[in-house]
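Enquirer: Sequence first, then the predicted structure, then my questions.
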Amino acid sequence: MPEPDGCQLKTSQRGPRRKCFIVPGTIRERAKERWEDRMLTSTGHPRLRTAQSTMRISCDNKGQAVVEFTLCFILLLVIAWIPADFGLMFYTGHLGQNAAREGARIAAADPCLSGGCVGIPVQTGTCNLPCSSGSDLLQRIANRVANGIMSNVNTSVTLSSSGAVATCDQQVQVQISQDYYPFFYKILRMMYFSVPDKVTLSRAVTMRYEHQC
């Protein structure tokens, strides 16, 4: 008579004995695996409760990637914004320099700068952007100053002259001052560093007045 699957007949001093084991790939092996799975996931077994809770704590990583991405994204955003902020500040100063140069060129070529024309007042003075109440020259200079995010607030335009036409030493000077508020300084103040609230960008250009000897 053949032996059942997974059993062997062994002979000893006590006589023949049958020893059975689970053959891989059989129904018995799959049943044993299902039983072990039920025991590991069962909360009723007192000896497996601690292992099960530990397994759940160690294997439950839902939301971990979201937390890591949020922390890294905030850090990378701050690191990336600092050079961009300084770049905007330098760009603002560069635009102010160009506006002062263009304004000085226009003022140096204006024959009515010092009130030499009938009915036209003196063109020199100081105004704040957008210089709607300033002279025509100040308004034309103000149109060349950076606006929006580049200029921030408190931008002033100053047009002055020195010397006299009679002595042929008259000069025209245009000065543009802009207050820029760096974002990096706000972070430093949050860390209790003593830094100013703003950076004043002052650009001045001086040219020789053309309408003189």
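Expert: Noted; the coordinates are in hand. Residues are numbered from 1 along each chain as shown.
Enquirer: When you work out contacts or count neighbours from here on, use the C-alpha atoms and nothing else.
Expert: Will do.
Enquirer: Let me know the next secondary structure element after the strand or helix carrying Gln139.
Expert: Taking DSSP states H and E as the definition, Gln139 sits inside helix 136-142. Toward the C-terminus, helix 136-142 is succeeded by strand 153-162 as the next helix or strand (DSSP H and E).
Enquirer: Tell me which other helices or strands that following strand touches.
Expert: strand 125-128, helix 136-142, strand 171-180 (3 or more C-alpha pairs under 8 Å, 6 or more residues apart in numbering; DSSP states H and E).
Enquirer: please redo it, this time with the cut-off set to 7 Å
Expert: strand 125-128, strand 171-180 (3 or more C-alpha pairs under 7 Å, 6 or more residues apart in numbering; DSSP states H and E).
Enquirer: mean confidence score for the shortest one?
Expert: When you say that, I think you mean strand 125-128. Mean pLDDT, taken over the full extent of strand 125-128, equals 89.
Enquirer: mind listing what it pairs with, with the direction of each?
Expert: strand 153-162 (antiparallel) (DSSP bridges).
Enquirer: Which residue ranges of the protein form helices?
Expert: Using DSSP state H, the helices of the chain run over 27-41, 49-59, 64-108, 136-142, 183-190.
Enquirer: ok, and which of those has the densest surroundings?
Expert: helix 136-142 (a mean of 22; mean count of other C-alpha atoms under 10 Å).
Enquirer: can you list contacts of that helix?
Expert: 99, 103, 107, 123, 129-132, 157 (C-alpha atoms under 7 Å, 6 or more residues apart in numbering).
Enquirer: let's see it at 6 Å
Expert: 103, 131 (C-alpha atoms under 6 Å, 6 or more residues apart in numbering).
Enquirer: For it, C-alpha coordinates in CSV please.
Expert: Taking Å, rounded to 0.1, in the frame of the first residue of the first chain, the C-alpha atoms of helix 136-142 are listed here in CSV:
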residue,chain,number,x,y,z
ASP,A,136,8.2,118.3,-16.4
LEU,A,137,11.8,117.2,-16.2
LEU,A,138,11.2,115.4,-12.9
GLN,A,139,8.2,113.5,-14.3
ARG,A,140,10.3,112.4,-17.4
ILE,A,141,13.0,111.2,-15.1
ALA,A,142,10.5,109.4,-12.8
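Enquirer: about what we covered before: nearest to Thr200, of the helices of the chain?
Expert: helix 64-108 (9.4 Å; C-alpha to C-alpha).
Enquirer: on contacts alone, who are the packing partners of that closest one?
Expert: Judged by 3 or more C-alpha pairs under 6 Å, 6 or more residues apart in numbering; DSSP states H and E, the packing partners of helix 64-108 are strand 199-208.
Enquirer: mean confidence score for the strand it packs on?
Expert: Here the average pLDDT along strand 199-208 is 91.
Enquirer: That strand pairs with which strands, parallel or anti?
Expert: When DSSP bridges is applied, strand 199-208 pairs with strand 171-180 (antiparallel).
Enquirer: Now the partner strand: average pLDDT?
Expert: 90.
Enquirer: With just CA atoms, put that strand into CSV.
Expert: Listed next in CSV are the C-alpha coordinates belonging to strand 171-180 (Å, rounded to 0.1, in the frame of the first residue of the first chain):
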residue,chain,number,x,y,z
GLN,A,171,26.6,121.2,-13.9
VAL,A,172,23.4,119.1,-13.6
GLN,A,173,23.0,116.3,-11.1
VAL,A,174,20.3,113.7,-10.9
GLN,A,175,20.0,111.6,-7.8
ILE,A,176,17.6,108.7,-7.3
SER,A,177,17.1,107.1,-3.9
GLN,A,178,15.2,103.9,-3.4
ASP,A,179,14.4,101.9,-0.3
TYR,A,180,14.6,98.1,-0.8
